[in-house]
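[1] pasting the sequence and the predicted coordinates here, then a few questions.
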Amino acid sequence: MRRQTILDPRVIRTKNALRKALFQLLKNHLVEDITVSGLCRQANINRRTFYLHYDNVLEVFSEYEDDLKFQIRQTLLAPIHDAPALVATFNQIFEDNLIGFTYICSNHRQYILLQELENLLYDTLMSGISNQTDQSRVIMRYSCNGIINIYIYWVNHQDAYTFESMTKSLTKLVNNSFTLLNMQ
């Protein structure tokens, strides 16, 4: 991937157009099936411009994954002390990246990214616990796995219940996990 430290507005517009086009195409295709020509046509840019920034289509998606992990890491750096704040933080990230999460959750080959997100959440939340015990690590691992998997389940079953209902249930579960951690 050809990263530039300072992006001029044209580069930003080009990359945003490619990312937007990629997610439009991902609604009907696997990332592996999308060609550079098809992506460029959808983004309304030429292939020469594409190759100035990327070597292949997968790099566009990989850059999105890297940006997503960075965004989550930055968001989690702020101290979060209660369940509603944690869930609200994740809901905002989730809503801002719904199309990407939908693809990630529906494509089982993206398991590695989901595992990285879970580990990132776990490491960040554990760093806020001063007296770490085996029990606190188990509770936190269970909670982080549950948080990620509730979002995955909702993406794959959106017609079963509302986002608000999922949020309410998730907040209760996270609150119970925080209570368990504080009881030690």
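    Yep, it's here.
[2] gap between the spatially most central residue of the chain and G100?
    Nearest residue to the geometric centre of the chain (CA atoms, centre = their mean): L68, 5.1 Å. Separation of L68 from G100 (CB to CB, to the nearest Å) stands at 7 Å. Every residue, glycine included, has its C-beta placed from N, CA and C.
[3] and what of T35?
    20 Å.
[4] quick one: the helices in the chain, in order.
    Ranges of helices in the chain, per DSSP state H, are 9-26, 36-43, 47-53, 57-77, 83-96, 98-106, 111-126, 134-156, 163-182.
[5] quick check: angle from the last one to helix 83-96?
    Regarding helix 163-182 and helix 83-96, their directions subtend 140 degrees when assessed with axes from the mean of the first three to the mean of the last three CA atoms, to 10 degrees.
[6] now do the longest one
    Interaxial angle, helix 134-156 versus helix 83-96 (the same axes, to 10 degrees): 40 degrees.
[7] who's in contact with helix 134-156?
    Helix 134-156 is touched from outside by 90, 94, 101-102, 105-106, 114, 117-118, 121-122, 125-126, 129, 161, 163, 166, 169-170, 173-174, 177, 180-181, 184, with contacts defined as CB atoms under 8 Å, 6 or more residues apart in numbering.
[8] any chance of the helices of the chain in a markdown table, plus mean pLDDT?
    Listed next are those as a markdown table, based on pLDDT from 0 to 100:
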| stretch | mean pLDDT |
| --- | --- |
| helix 9-26 | 92 |
| helix 36-43 | 97 |
| helix 47-53 | 95 |
| helix 57-77 | 86 |
| helix 83-96 | 85 |
| helix 98-106 | 79 |
| helix 111-126 | 84 |
| helix 134-156 | 90 |
| helix 163-182 | 88 |
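[9] mark which of the contacts of helix 134-156 are buried, thanks.
    Listed as buried from these are 90, 94, 101-102, 105, 114, 117-118, 121-122, 125, 166, 170, 173-174, 177, 180-181; burial here means 16 or more other CB atoms under 10 Å.
[10] I93 contacts T75, doesn't it?
    Yes. Counting by CB atoms under 8 Å, I93 does reach T75; the two are 6.2 Å apart.
[11] comparing these two, which residue is more hemmed in?
    I93 (18 against 14; other CB atoms under 10 Å).
[12] and that one, how close does it get to E63?
    Taking CB to CB, one finds I93 at 17 Å from E63.
[13] go on, V57?
    11 Å.
[14] can you check Q135 too?
    Distance from Q135 to E63, by CB to CB: 39 Å.
[15] domain assignment for the protein?
    9-57, 78-182 (automatic domain parsing).
[16] can you get me a residue count around the nearest residue to N175 once chain neighbours are set aside?
    Distances taken as CB to CB, 6 or more residues apart in numbering put A83 closest to N175, at 3.6 Å, once the chain neighbours are dropped. Neighbours of A83 under the rule other CB under 10 Å: 18.
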